[in-house]
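Novice: I need the structure of the sequence given here:
(chains A, B, C, D, E and F)
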Protein chains: 6
Amino acid sequence: MEGLRFDGREQEQIRKLRFTRNYISTCPGSVLVEMGKTRVLCTATVEDRVPPHVKGTGRGWVTAEYAMLPRSSAQRVVRERSTLKTGGRTHEIQRLIGRSLRAVTDLKALGEVSVLIDCDVIEADGGTRTASINGAFVALVDALEADGRWRGEKLPVKDWLAAVSCGIVAGMVVVDLAYAEDSIADVDMNMVMTGNGGIVELQGTAEGEPFTKEGYDRMIDIAEEAIEKIIREQKKVLGAELSGRVGTI
Amino acid sequence: MEGLRFDGREQEQIRKLRFTRNYISTCPGSVLVEMGKTRVLCTATVEDRVPPHVKGTGRGWVTAEYAMLPRSSAQRVVRERSTLKTGGRTHEIQRLIGRSLRAVTDLKALGEVSVLIDCDVIEADGGTRTASINGAFVALVDALEADGRWRGEKLPVKDWLAAVSCGIVAGMVVVDLAYAEDSIADVDMNMVMTGNGGIVELQGTAEGEPFTKEGYDRMIDIAEEAIEKIIREQKKVLGAELSGRVGTI
Amino acid sequence: MEGLRFDGREQEQIRKLRFTRNYISTCPGSVLVEMGKTRVLCTATVEDRVPPHVKGTGRGWVTAEYAMLPRSSAQRVVRERSTLKTGGRTHEIQRLIGRSLRAVTDLKALGEVSVLIDCDVIEADGGTRTASINGAFVALVDALEADGRWRGEKLPVKDWLAAVSCGIVAGMVVVDLAYAEDSIADVDMNMVMTGNGGIVELQGTAEGEPFTKEGYDRMIDIAEEAIEKIIREQKKVLGAELSGRVGTI
Amino acid sequence: MEGLRFDGREQEQIRKLRFTRNYISTCPGSVLVEMGKTRVLCTATVEDRVPPHVKGTGRGWVTAEYAMLPRSSAQRVVRERSTLKTGGRTHEIQRLIGRSLRAVTDLKALGEVSVLIDCDVIEADGGTRTASINGAFVALVDALEADGRWRGEKLPVKDWLAAVSCGIVAGMVVVDLAYAEDSIADVDMNMVMTGNGGIVELQGTAEGEPFTKEGYDRMIDIAEEAIEKIIREQKKVLGAELSGRVGTI
Amino acid sequence: MEGLRFDGREQEQIRKLRFTRNYISTCPGSVLVEMGKTRVLCTATVEDRVPPHVKGTGRGWVTAEYAMLPRSSAQRVVRERSTLKTGGRTHEIQRLIGRSLRAVTDLKALGEVSVLIDCDVIEADGGTRTASINGAFVALVDALEADGRWRGEKLPVKDWLAAVSCGIVAGMVVVDLAYAEDSIADVDMNMVMTGNGGIVELQGTAEGEPFTKEGYDRMIDIAEEAIEKIIREQKKVLGAELSGRVGTI
Amino acid sequence: MEGLRFDGREQEQIRKLRFTRNYISTCPGSVLVEMGKTRVLCTATVEDRVPPHVKGTGRGWVTAEYAMLPRSSAQRVVRERSTLKTGGRTHEIQRLIGRSLRAVTDLKALGEVSVLIDCDVIEADGGTRTASINGAFVALVDALEADGRWRGEKLPVKDWLAAVSCGIVAGMVVVDLAYAEDSIADVDMNMVMTGNGGIVELQGTAEGEPFTKEGYDRMIDIAEEAIEKIIREQKKVLGAELSGRVGTI
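Specialist: Numbering: from 1, shown residues only, chains lettered A, B, ... in the order given. So this is what the prediction gives:
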């Protein structure tokens, strides 16, 4: 089934994407990413210490924290400090962001250093986890550059990285779902890919009817195309010089 | 690349699978599931109350909790009550179990009732989340039958459900990874499917190298075959009469 | 002692002040307030329930929450959910914000309704608690107007409200301290006043030498003048019509 | 008053007792103990570190943790991680288990090593704390033997240890109460003794009527006899060689 | 072995005992109990609500909380709120106090009312849990009298209640151990008895060598005598009229 | 407006003030302070360790904890350990006590040592935070003297310190408010001053109507006079010799 989406987009069309670098004056790796109305503030902090399980290995680590500001959602989100618990959804998302960024970070070249990614959602209109990954990647590159350890050399980032959601809404396979679509989707899939087209993460959930292999194949294709576009935007905003120092060739 | 696995299994061969029903004398939906050395105690508890977000809808809910006993793993697992936190991995797993079982439960036919699934790992040798889903499904059927509300009728379970892990280990696509394989896998994927072959959940992560669409296709095929075998075992252990009351035809 | 300040300001000069209303599209009472580099997102949420101690009194309540985003400060701020504790400074600030706004809210006219103020600091360059009060007041007016209960009538807000910090830095009495001044101040005072010139809160602390009554008198004067300027800005950004519906004549 | 008990046992008769050693393949000190339907998984973990209060004394320590699996009881037990609190009963029991095992452990011979006992109740039909002590003792011996430090020598265990409950039910003094008896008992006593007949712990509580010294004397006698039987079973399951390396003569 | 104790007391001699009623002017059931240097503030609060498990039974409940002030002990005690945990020892003690008082309270005559006992240790020189029980009993009687429901009638208290510690110190059986004795005792026993000589609680622990039945017999005798003395003091401080309204004859 | 207060005091009259030193036999810096019915136990503990932010600076630190015993207030106060949270009011008060004492402590002369102040309220009849500061100052002097490091020399205390509340009650400016006054006050101010008349802390809150500069001036005057009286009492109870070793001339 084909047709126009509720906001007039084509099935394979992502929302307006914008990256604002240096969003916080005292934090060199701070990026505001906007995908349509979804806005996430992504920062990257480089620290000279690593978690116990990598100590002494000569390798680094990347970890992530994610939170929604109370009024980022139409219904006010209770602060997690009030509940004395970090919710399951939050854990799931911050683990996804951390794993995805580690997949393209050259942990050996990084050395015994950790990078802590913070993603704080200012406004949520669907796709906050994938927007977070897109913004966090840019913040990571900025923070590593600002750190000064790799001045003028290749940064310890092996490949480009971007993410997008796709799904089946009213029988139609679409990409980069807004909240209005997400809330009625039968299938919801998040995909994280590298600049070289490798799949890093792929998480599909049938909210309604279980989906078939064919549906899956169509979603993969549409997502792949969107991810290429997002990576082109990341390159543009980082500029040629810095972009040239990302990736292994 | 092809060849025998470390324990002599073929690539597409699952470990020895066993379900012990009525494992706890006072709990009708209590199943010990064993996949090789991995052992999980799965119980299902039917309660006459539902969470706030479904109250008044006439529909039911299924939720899950997962925990590892301290010595289920070679290195002692610290009890979560000691840390005052439920870990991210735990949250991720129990949300997966809950979503998967909800996908095959007829929540309308269930009525305003909730089923709480508990999965407690006695010994962990890889694949505890998929074993949990397999055992929890059998416990769910037993608990619903014992509840008495659907005596002699179709149970509010729309389809069969099973799960299996697959992955790429030393270049070889394999199914139902033991811990020795899991810890060195390049790609780790968990797949949950219904008796009708629909995909309910699909989560793939590249621990090492990003994977390709071809790798993905091979993993899907091998997992599908394994899930069919597991569902045959579930039907055998539940017996013809009870099995006949599962699924919508 | 007189002289220019580190950023060229006069002693009695506040930093550039800016209010951006409707900062979040789905939240009518959402204001970004900027005082120099200090940026705080203030939102107001109207809820049809009140805390136990006012239930049944026919009166409403106003309460506040305050938090700093992790990279709002040069040194990353650990999220409070990670420590399972809300820190003392946070409590102090959110109690101050709540008390201040209650002082100008007509709780009887509000009825059994509560307004929850959220102040989230995006960038902290000194004076976040006073900036929060200034932004929260504007958000409160917007949220009450959007609620619709007082359409075209006087809003349940008895007077205007603004806050500013003042202090003694290198022997000089100054207003609206930036972080560079705050960190070396001998005395730090926060003052909250109404449009009618009444003092709502006054908190002075000698970080170094105890201060005299004369020092205090000079600080009060300089703060009073600054507060008048801030209230003029609040009126300007809210516009004549809405401003006319605030205060008791 | 004399007579048969609800399950046909004599007053001084304990339930069927069974120890299964090496219950978990990767944990050498893992014992499933069964007393009638009560089943507890007891494991012992030897660690090369001690708590602060014994550090530097050249002595070791033994500590215990106890938990009930959610469906071990007819009414589902809420996981303690959910309540963010370890309940009073849990604390009481794990402190009892720890103290009891320390009483027969030669802490000097142990050296600066700690043994952590975990007791997880799979099914609870009364007497879970005494069953835990009985199983934990066997697990302790196995774990110390497996550790290898005392190969072929006396283990750092000074004496045998077992525990049993006794009580007054419907006016009758009985031993090893099942849940059906425990819930209606007037007096409930737990007794822990060594192989040499020394009393290690003795805790009596009048749930209904206060008890007399005579009632107490009868309970002591009946418990003493039961404990001798339990120790005979422990020796049998550990075998002659290992048993010969326990105790001081 | 016989002889004088470190503070000159005979083996069977308790320390100087003093009860100060109405210790807090706004709390009618507030008693400061002193046993030697051990001082505990005991209060009883009557509330018109009961915990869920007795709701609707027409019966009441008695519960207790116990805490040590930070400098009650020579080494400062960390506040439990700082650790986010109530320690095991605290739980054990407050459960003991609660059970003991329930044993002599006529819960049916009490009606659906609960009494909350608070025991806060001002100075700890051994025996704080037994002193707490002694003081709490007096506070309970005062609070029930002040409540007014049983004015001029029998109070819902079936019997008198007192507690004392005893132990074996340097081979000598002694009663009411001070801290200097407690810290070197081989055996430590706490005994709670009624005015009619019934045993309510009896908890003996061998800190060093396990103890024999003979040691136990001697400890019981010496404790019994001490408890009689304490109950005489309780009657004296409560006065003849109030004392006459306690107990079932 | 002038007149007698509810308890017959003049506007500028403080309640009966009493300090009992050495209140706990094992704690040299332990003072019970009484202001009318308000009673607070204040202790000071000297420790050879400092918090991270002063480590290595050669300077010391003073910190404070504050709590109310459950029945110190007419309505029972829930223990903070039960709520797993330290309340905002508690934080505010203990931060105030700590800052105030640091203002008169010579942190350099103290050396890398910390003093921990504990203030536990036994009975609360208004003014517990100011009473705490008054008692804590005496406890601080006693604890430093007992520590022995400054034997016969100037103690590391630069000036005397006392605190008092003042407010506007029924239009009348009064000092040292009792609970009956506090609960109906329009303005509530707490003031902390040194022996030399310097202002250390000044916190005024309009509970009802905002206050004017004139009201403030009158409150300052009346508080100043009261603080002088309190310091005279502190000197008297500490005695001439010890008093002579406080302050910098």
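Novice: Check the gap between A:Leu238 and A:Gly127 for me.
Specialist: Separation of A:Leu238 from A:Gly127 (C-beta to C-beta, to the nearest Å): 21 Å. Glycine gets a C-beta too; all of them are placed from N, C-alpha and C.
Novice: When those two are compared, which one has more neighbours?
Specialist: A:Gly127 (26 against 21; other C-beta atoms under 10 Å in any protein chain shown).
Novice: Now do the contacts for that one.
Specialist: Contact analysis of A:Gly127 by C-beta atoms under 8 Å, 6 or more residues apart in numbering or on different chains lists A:Met35, A:Thr38, A:Val164, A:Ser165, A:Asp176, A:Leu177, A:Ala178, A:Asp182.
Novice: Which ChimeraX command selects the buried ones in the residues you listed?
Specialist: Those of the contacts of A:Gly127 that count as buried under 16 or more other C-beta atoms under 10 Å in any protein chain shown are selected in ChimeraX with:
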select /A:35,38,164,165,176,177,178,182
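Novice: Among the contacts of A:Gly127, which lie within helices?
Specialist: When DSSP state H is applied, those are split such that A:Asp182 fall in helices.
Novice: I'd like the contacts of A:Gly127 as a markdown table, with distance to chain F and pLDDT appended.
Specialist: Formatted as a markdown table, these follow (distance: C-beta to the nearest C-beta, whole Å; pLDDT from 0 to 100):
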| residue | distance to chain F | pLDDT |
| --- | --- | --- |
| A:Met35 | 37 | 98 |
| A:Thr38 | 33 | 98 |
| A:Val164 | 40 | 98 |
| A:Ser165 | 37 | 97 |
| A:Asp176 | 41 | 98 |
| A:Leu177 | 38 | 97 |
| A:Ala178 | 38 | 97 |
| A:Asp182 | 34 | 93 |
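Novice: Closest one to chain D out of the contacts of A:Gly127, please.
Specialist: Nearest to chain D out of the contacts of A:Gly127 is A:Asp182 (C-beta to the nearest C-beta; 29.0 Å).
Novice: ok, now which ones touch the closest one?
Specialist: Counting by C-beta under 8 Å, 6+ apart, A:Asp182 makes contact with A:Gly126, A:Gly127, A:Ser165, A:Gly167, A:Asp188.
Novice: mind listing the helices for chain A?
Specialist: Remark: helices assigned in chain A by DSSP H are A:80-83, A:88-104, A:107-110, A:128-147, A:179-182, A:213-243.
Novice: can you tell if the third one touches chain B?
Specialist: No. Applying C-beta under 8 Å from any C-beta of the partner chain, one finds helix A:107-110 separated from chain B by no less than 11.4 Å.
Novice: In that helix, which of the residues would be classed as buried?
Specialist: Within helix A:107-110, the residues scored as buried using 16+ other C-beta under 10 Å are A:Leu107, A:Ala109, A:Leu110.
Novice: wait, which of the contacts of A:Asp182 is closest to chain D?
Specialist: Out of these, the member with the shortest distance to chain D (by C-beta to the nearest C-beta) is A:Asp188, at 27.5 Å.
Novice: The closest residue to the closest one other than its chain neighbours bridge partners, please.
Specialist: Distance criterion C-beta to C-beta, 6 or more residues apart in numbering or on different chains; nearest residue to A:Asp188, sequence neighbours excluded, is A:Gly167 at 4.8 Å. Beta-bridge partners recorded for A:Gly167 (DSSP bridges): A:Val174, A:Asp188.
Novice: Any idea how far stretch A:195-206 is from the middle of the chain?
Specialist: Centroid separation for stretch A:195-206 versus its chain: 12 Å, with C-alpha atoms, centre = their mean, to the nearest Å.
Novice: scratch that, stretch A:237-249 is what I was asking about
Specialist: For stretch A:237-249, the distance to the chain centre is 18 Å (C-alpha atoms, centre = their mean).
Novice: Name the residues that touch that stretch?
Specialist: A:19, A:21, A:106, A:138, A:141-142, A:145, A:150, A:153-155, A:157-160, A:195, A:235.
Novice: low pLDDT regions in chain A?
Specialist: Across chain A, the ranges flagged by pLDDT under 70 are A:1-3, A:82-85, A:248-249.
Novice: near chain B, which residues of it show up?
Specialist: Proximity of chain A to chain B (C-beta under 8 Å from any C-beta) is limited to residues A:84-89, A:91-92, A:94-95, A:99, A:103, A:159, A:193-194, A:196-206, A:209-213, A:216, A:220.
Novice: Pull out the buried members of those residues.
Specialist: Of the residues of chain A next to chain B, these count as buried by 16+ other C-beta under 10 Å: A:84-88, A:91-92, A:94-95, A:99, A:103, A:159, A:193-194, A:198-206, A:210-211, A:216, A:220.
Novice: check contacts around A:Gly111.
Specialist: Neighbours of A:Gly111 in contact, by C-beta under 8 Å, 6+ apart: A:Gly58, A:Arg59, A:Gly60, A:Arg149, A:Pro156.
Novice: typo on my end, A:Asp48
Specialist: A:Asp48 makes contact with A:Glu112, A:Val113 under the criterion C-beta under 8 Å, 6+ apart.
Novice: Looks like A:Thr43 contacts A:Gly29 (just checking).
Specialist: Yes. Taking C-beta atoms under 8 Å as the definition, A:Thr43 is a contact partner of A:Gly29 at 5.9 Å.
Novice: intersection of neighbour lists for those two?
Specialist: A:Ala139, A:Ala143.
Novice: circling back: for PyMOL, write the selection for the buried entries among the contacts of stretch A:237-249.
Specialist: To isolate in PyMOL the members of the contacts of stretch A:237-249 that are buried, counting by 16+ other C-beta under 10 Å, one can use:
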select buried, chain A and resi 19+21+106+138+141+142+145+155+157+158+159+160+195+235
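Novice: before we move on, back to that, the residue nearest to A:Asp188: what's it in contact with?
Specialist: Contact partners of A:Gly167, counting by C-beta under 8 Å, 6+ apart, are A:Val173, A:Val174, A:Leu177, A:Glu181, A:Asp182, A:Ala185, A:Asp186, A:Val187, A:Asp188, A:Met189, A:Met219.
Novice: what's the burial count for the nearest residue to A:Ile117 once chain neighbours are set aside?
Specialist: Of all residues not flanking A:Ile117 in the chain, A:Ala64 sits nearest, at 4.0 Å (C-beta to C-beta, 6+ apart). A:Ala64 has 24 neighbouring residues, counting by other C-beta under 10 Å.
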